[in-house]
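Participant: sequence isn't available, so here's the structure alone:
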């Protein structure tokens, strides 16, 4: 394999033939924001956050699906790219109901950290507040469509790593949803192996393990009886 | 099948022609206004008048002037009758024997007909699309025979290159260049795909070609397959075109029976199989990578290019993908030579283009004109302008990917570059005329709603950006938007155009951008005084008043 030498943000770096601009940049310690990219599964170029400029072309290209070429001059941090990235994040935040304060992934969410990293401090579009479902039928995992960014990482790990092909897309445009099998409740899926790869591939809190959410405390109603006994008989019987 | 048999079929067919032919349009437009009943009534009337020996009633493809359908043409004397009703049949047949009829006649010398130049539509309206013999009688399949027997694939590609043909699906990519790229790949398996997923609102050119002359598309595909070295083809046609699908199926079956498809085409070593794939109603499947995903049986979603289909397309193999009209141009080019075709049109846009003329125009229907004709000639002279003396305000070309060209620019010649300079595109051929009553912001909203609904949802700017742009346009129309909202709209147009994954998203802002460019005042007139407050202030909370 021949080595390729190219320039990225003014820095000359080398890469192997067939490597993507994103991989080569990360190897050289240059961080390009990504959301739908996941190491180990194929790239689809859907989130458009890793768009970069290539000298001599007006077209912006996704770093994840663009192969390096000799002499290529790549810019990743122009003012225009930063502005586009912030707008794209704003669109994502306005699209569904991303409320960090009540999210299982608060503090370790890729969407949240991208927003902080890229300086997206407010959303200038009206929130669309869609009414979306939460699927808690699976015995181990849950899916909250309110927090889904439709990056498709769960679908790709399910198909190409686990090989179960449970997760998929349905609908189109704003009504796209991640579904299990033929749009059945996840718990009724006969193909799901409960491997949990999708949960760990998910960049946000859309897919989560049960038992980790703040709202899942079990109420111990038996305690009430002891309190009543204590008050009425002045006895504390445990 | 050999040449002698082809000629024999042609001669038999020509000899069987009866002295008088009554052609009756059976394309979707006329069928929707009882064209089938008219045809049956004519059949019956001929029988009743015992004119069977002299008169043939023939169901044919589109006769162009769709707004006046059902259309009937009697030759000789060569008279076009409009808005024919089944009860008119007897009097129409009577004219053959010198009778009279009250049915309205068309004017064959009207610019609508006289200014047309038929290459793609040369058989449309003359032959029965369901009989292969009718196509052969009009020199059909002659080009394939000559190509297979007398030309090398490289010679075919060079002929197409010299003709200057460019893709008729919208972008105008040089067809010869595309063919030669696929031809030069060394794969053992290659594919040819015909994109018949015509989805632009108001466009029906491809449907008419498929309904009126399906064999022409088959012939173009066979020639293309030979030129690039493919042995399997697919026609991807939308399910909303049931008549086109049925006529294509008939055509493929007939071509197979005559040895024009399948193994050993024209008894040469060349094999070519052709299958139909039916789209399930997604506009995005007209985008080539999404179309190929759909043919493969996957979700119809585009993928980033490169790799381009010419290197890695259907099932990962080199694939040639062209539009219906592009393939329909191929047989005449091979039959009459590249020079003949290259002499038509402008410097960089050769040949003719079929347009579906619709909207606020007197004569709506199908027209085929040489490239370089001005918009004014098309909509004013041929189309007859706005009915009831209205004024043309704009002409929309290119559907949801195109733009609105204002009346001031009506003298623009119709070619790929000139339309591009005005922020529109040639597109697949939809042409919608608008008059003073049309609100351009509402037009932009209509197309944005279309893009929002048809976005596949894969990339963020197209999926979420079209939703926000549509909401902003709705706010404008409700007179609730401020100057800030307008700035936001322009910012979003810039974002979606530059960051979307496929052509649908990249061109989705075009209807907004082009109306903003030429009709900005209409947007400004809709702005609410800043800041906007609700008309009725909310009632004070109880107990606080």
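Facilitator: Received, thanks. Keep in mind that what you see is a predicted model, and the values were worked out from it rather than measured.

Participant: please make it C-alpha for all contacts and neighbour counts, starting now.
Facilitator: OK.

Participant: which helix or strand in chain A has the lowest average pLDDT?
Facilitator: Ranking every helix and strand in chain A by mean pLDDT, DSSP states H and E puts helix A:222-233 at the bottom, with a mean of 80.

Participant: and what about residue B:186, helix, strand or coil?
Facilitator: Following DSSP: H, G, I helix; E, B strand; the rest coil, residue B:186 is assigned to coil.

Participant: tell me the SS of residue 143?
Facilitator: No chain specified, so I'll use chain A. Assigned with three-state DSSP, residue A:143 falls in the strand class.

Participant: the nearest residue to it once chain neighbours are set aside: neighbouring residues, count only.
Facilitator: Closest residue in space to residue A:143, ignoring its immediate chain neighbours: residue A:207 at 4.6 Å, by C-alpha to C-alpha, 6 or more residues apart in numbering or on different chains. Residue A:207 sits with 25 neighbouring residues when counted by other C-alpha atoms under 10 Å in any protein chain shown.

Participant: up against chain A, what does chain B have?
Facilitator: By C-alpha under 8 Å from any C-alpha of the partner chain, the part of chain B that sits against chain A consists of B:303-304, B:452-461, B:463-465, B:467-468, B:495, B:498-501.

Participant: return the subset of these lying in strands.
Facilitator: Per DSSP state E, strands hold no members of the residues of chain B next to chain A.

Participant: just checking, residue B:271 touches residue B:229?
Facilitator: No. Using C-alpha atoms under 8 Å, residue B:271 is not in contact with residue B:229, being 9.7 Å away.

Participant: so where's chain A uncertain?
Facilitator: A:1, A:213-219, A:238 (pLDDT under 70).

Participant: show me what from it comes close to chain B.
Facilitator: Checking chain A against chain B by C-alpha under 8 Å from any C-alpha, the hits are A:44-48, A:51, A:59-60, A:65, A:84, A:87-88, A:91-92, A:95, A:125, A:150-151, A:172-176.

Participant: could you rerun that using 7 Å?
Facilitator: A:44-48, A:60, A:84, A:88, A:91, A:95, A:172-174, A:176 (C-alpha under 7 Å from any C-alpha of the partner chain).

Participant: state the pair within these that is farthest apart.
Facilitator: With C-alpha to C-alpha as the measure, no two of the residues of chain A next to chain B lie farther apart than A:60 and A:176, at 25.2 Å.

Participant: how many residues are close by the nearest residue to residue B:3 once chain neighbours are set aside?
Facilitator: Excluding the flanking residues, the one nearest residue B:3 by C-alpha to C-alpha, 6+ apart is residue B:145, at 7.1 Å. Residues lying near residue B:145 (other C-alpha under 10 Å) number 22.

Participant: what helix or strand is residue B:145 located in?
Facilitator: helix B:142-150 (DSSP states H and E).

Participant: the very next helix or strand once past that helix: how far from the chain's middle?
Facilitator: Proceeding N to C from helix B:142-150, the next assigned helix or strand is helix B:153-163, under DSSP H and E. The gap between where helix B:153-163 is centred and where its chain is centred comes out at 24 Å by C-alpha atoms, centre = their mean, to the nearest Å.

Participant: check contacts around whichever residue of chain A sits closest to chain B.
Facilitator: Proximity of chain A to chain B (C-alpha to the nearest C-alpha) peaks at residue A:173, 3.8 Å away. Shown in contact with residue A:173 (C-alpha atoms under 7 Å, 6 or more residues apart in numbering or on different chains): B:452-457, B:463.

Participant: okay, strands next: where are they in the chain?
Facilitator: I went with chain A, as the question did not name one. Under DSSP E, chain A gives strands at A:3-8, A:11-16, A:51-54, A:61-62, A:73-75, A:134-135, A:141-144, A:167-170, A:177-180, A:207-209.

Participant: ah, I was thinking of chain B
Facilitator: Under DSSP E, chain B gives strands at B:20-25, B:55-60, B:72-75, B:79-81, B:191-196, B:232-238, B:273-279, B:319-323, B:352-359, B:365-370, B:392-397, B:403-406, B:430-435.

Participant: reformat those strands as TSV; add mean neighbour count, distance to residue B:135 and mean pLDDT.
Facilitator: Listed next are the strands of chain B as TSV, based on neighbours: other C-alpha atoms under 10 Å in any protein chain shown; distance: least, C-alpha to C-alpha, whole Å; pLDDT from 0 to 100:
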stretch	mean neighbour count	distance to residue B:135	mean pLDDT
strand B:20-25	25	15	96
strand B:55-60	22	11	96
strand B:72-75	23	19	94
strand B:79-81	19	22	94
strand B:191-196	26	20	98
strand B:232-238	24	19	97
strand B:273-279	19	18	97
strand B:319-323	28	21	97
strand B:352-359	25	20	95
strand B:365-370	23	20	96
strand B:392-397	24	32	95
strand B:403-406	27	37	94
strand B:430-435	24	27	94
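
Participant: what comes up buried for stretch B:10-22?
Facilitator: B:10, B:13, B:20-22 (16 or more other C-alpha atoms under 10 Å in any protein chain shown).
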